[in-house]
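Student: sequence? don't have it. structure:
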C-alpha cells in the first residue's frame, strides 16, 4: 500500500488503505436481483403472517378510534388525570412516539451526511416508521388540549377574538417543531421514493402501473435529473440533521423551562435527544428483524447492519445512563431541598420507585450486553434486548412526567396517578395504528430504497474495473 | 432544427444500451467530446462522477433553497414581532415582550427556516427537472423502461443540432452501444 501514489485518484479509498470491508450486499447480487427481490414483496401475495398481524392491528386501530370517540363525546374526565397530575399517559405517549421517530431521521439524514453507506438498506423503512410514529404522537397532544375541535387555535391564524399565540411558550415551539418535523420527514421520504416508484411503474400492469406512475411523476432517471435530485437529497439531509436535534430538544423544553422539581434540568435537551435515538433504533430493529426474515432480505440487511445498530443502541443507552446518574448527582450537589427530595422520592421513598428501576434496568443495564459480539450476532438476543429497551423508554417518560407532578412543592398537593382504562385502550390502539400503517407500507411500497442500494454495490462505481484490478493484484501478492 | 409538432412518425432520438456503468461513463465522455447538447444518460441510480463525464456543472438548486430559508427566517421574525410586540403582547410570569425577547423567538424562527427550505427544495427540484411530466416520448420505447431496473442507457435527441440520422447511429455503435433503438414521438 505504501507504493501507491496519492495522484492515482481512481483507487477506491478503502482499497488504497488495504482495508477489507465487509460487503454491504452479500452474495454479489446483481442489479436485477435487487429489483426483483424488493419489488417482489409488493407484487406477490403477502405471507400468511402478514394477515395474522394485520387483523389485530386493525382491531387495535378501531380501539383507538373508539377510545377517542368516547373521550370526545364524554369529556376529558374519562382519563385518569386530575389535580395534581395533569400530564399523564397522554404526554408520556406523545414523547414516547415522537422519540421513536428520531431514529428514522438519524438514519436518513445524519448517517447520509457522515457517508455511512450501510444506511441504504434500512433508511426507507426507518423513515416510514418515523412518519407513522409522529402520526401516533400527534394524536395525544391533539386530544390532550381537551377540545379537539379547537386545536386550530394553536396555529397563528387571525381570528375573531383578536387573540394571538404566546410565542414565548415552549408549548407553542413544540407545535412548530413537531409539525415542521412531520412535514420535512414526509418530503424527504417522498423524494427518496420517486425513483423506486418509477421502478414499480415500469414493472407494473394495469391499475398498479397507473397509480405508481402517477406518484412517480414521470421520473426518467436521466443524469440531468439525478444531479439535481442528489443535491435535493443532500440539502434535505443537511436541514433534517439540525431539525431532528431541535425537535426533541424543544420537546424537552416543555419540561425543562418549568419550575417543577425533576423537570427543571439543563441536561434535558441532549439527554432527550440521545434517548430518542436510543429508543428509535430499538424500534427500527424490532420492525426490521422480522421483516428481514419474512421477506428473505438477509443479503440486503446483513449481520453488519444489525451489528452497527446494536452498537448505536449501546452508545446512546450509555449516554442515557450517564444522564440518569448525572441528574441524581446534580440534585444532590445543588443542595436544593425540593430538588433533592424529588430525586430521593424518585429512587428511594416515593410511590413510583418501581418505575424508576424498570427504566434503569431496561435502558442502562440491558443494552450493556451489546458489548459482546456474540450477543450482537444472536438475533433472538438482539430482539429481546431491543424490546426491553422499547419498554424502558416508555418508563423513562413515565418516570419524568407524572411522577414529578405527583410530588411537587407542597405535601398537601401530593397525589397518586394511575391511568384509566380509556388511556390504556388509547395507548394500545396507537400501537395498532402504528402496526397497521407499517404493514400497509410493506404491502404497497418498496421497503428498501432500491436505487440507493444499487448505488452502493462495488460494481456501480464507474471506476470499479480500475480499482478492482489493483485490489486483485495486491491480494494475489499477499498470498 | 426539427419542428416540435408531434406527428406520429417523427423521430425523437436514439436510445442506446450499454453494458455497465463503466461503459456508459466512457461513452458519455465521448458524446460530450463530440459536442452534443441535447442528450442524457439514464441509469437505475445516480452514477458517481457522471456529471463530469457529461460536462455538467454543480447543481444550482442550493441557491433556491437559500432563498427559501431566508424567507422562512424573515417570515417567522415578522410574525412573532408583529403579533407579540405590536398586536397582542402577552405578559406571562412577568416576562417582557419587546425587542429583547428575541431568544424566545429563536425556536420558531429556526423551525420555519427549515420548513421553508424544505418547501423550496422540493418545489425547486421539480421546477428544475421539470416534473411532474407523465407523458414523454421516451416512454414509447420498450428498451427505455430498463433504466429503472438494470439498464445503462444513453439517449441522443433528434433536436440536437449535431444530430444526423445515420452518423449518430454509427457514433453510438462505435462507442460501444449494444442495442440501439429509434424512438418516435
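Tutor: Arrived safely, thanks for sending. Keep in mind it's a predicted model, so treat the numbers as computed, not measured.

Student: Please report phi then psi for residue A:407.
Tutor: Dihedral pair for residue A:407: phi -130, psi 80, per degrees, to the nearest 10.

Student: Any idea what residue B:154 is bridged to?
Tutor: residue B:16, residue B:41 (DSSP bridges).

Student: In the stretch 301-450 of chain A, where is pLDDT below threshold?
Tutor: Applying pLDDT under 70 to the stretch 301-450 of chain A flags no residue at all.

Student: Chain B too?
Tutor: Within chain B, the stretches with pLDDT under 70 are B:1-8.

Student: all strands for it, in order.
Tutor: With strands called from DSSP state E, chain B shows them at B:11-18, B:39-42, B:152-157, B:180-184.

Student: Export the ones you listed as CSV, with columns for distance to residue A:466 and mean neighbour count.
Tutor: All C-beta atoms are positioned from the backbone trio N, CA, C, and that covers glycine. What follows is these, written out as CSV (distance: least, CB to CB, whole Å; neighbours: other CB atoms under 10 Å in any protein chain shown):
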stretch, distance to residue A:466, mean neighbour count
strand B:11-18, 17, 23
strand B:39-42, 19, 24
strand B:152-157, 17, 25
strand B:180-184, 27, 17
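
Student: Minimum distance to residue A:435: which of these has it?
Tutor: strand B:39-42 (38.0 Å; CB to CB).

Student: Just name whatever secondary elements that closest one is in contact with.
Tutor: Helices and strands touching strand B:39-42, as assessed by 3 or more CB pairs under 8 Å, 6 or more residues apart in numbering or on different chains; DSSP states H and E, comprise helix A:223-256, helix B:21-33, helix B:50-54, strand B:152-157.

Student: which of the ones you listed sits most buried?
Tutor: strand B:152-157 (a mean of 25; mean count of other CB atoms under 10 Å in any protein chain shown).

Student: domain ranges for chain B?
Tutor: Domains of chain B are assigned by automatic domain parsing as B:11-58+B:137-184, B:61-129.

Student: can you tell me if the shortest one touches chain A.
Tutor: Pointing back at domain B:61-129 there. Yes: contact of domain B:61-129 with chain A (CB under 8 Å from any CB of the partner chain) involves B:61-62, B:65, B:69, B:79-80, B:83-84, B:87-88, B:90, B:92, B:95, B:97, B:101, B:104-105, B:107-108, B:110-112, B:114-115, B:117-119, B:121-122, B:124-126, B:128-129.

Student: Dump the strands of chain B into CSV; add distance to residue B:31 as well.
Tutor: Output for the strands of chain B, formatted as CSV (distance: least, CB to CB, whole Å):
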stretch, distance to residue B:31
strand B:11-18, 10
strand B:39-42, 6
strand B:152-157, 7
strand B:180-184, 13
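
Student: my read: residue A:286 touches residue A:390, true?
Tutor: Yes: between residue A:286 and residue A:390 a contact is recorded at 6.2 Å, counting by CB atoms under 8 Å.

Student: buried subset of the residues of domain B:61-129 next to chain A?
Tutor: B:61-62, B:65, B:69, B:79-80, B:83-84, B:97, B:101, B:104-105, B:107-108, B:110-112, B:114-115, B:117-119, B:121-122, B:124-126, B:128-129 (16 or more other CB atoms under 10 Å in any protein chain shown).

Student: Output the longest helix belonging to chain B.
Tutor: helix B:102-129 (DSSP state H).

Student: give the contact list for residue B:148.
Tutor: By CB atoms under 8 Å, 6 or more residues apart in numbering or on different chains, the residues touching residue B:148 are A:35, A:195, A:198-199, A:201-203, A:219, A:221, B:44.
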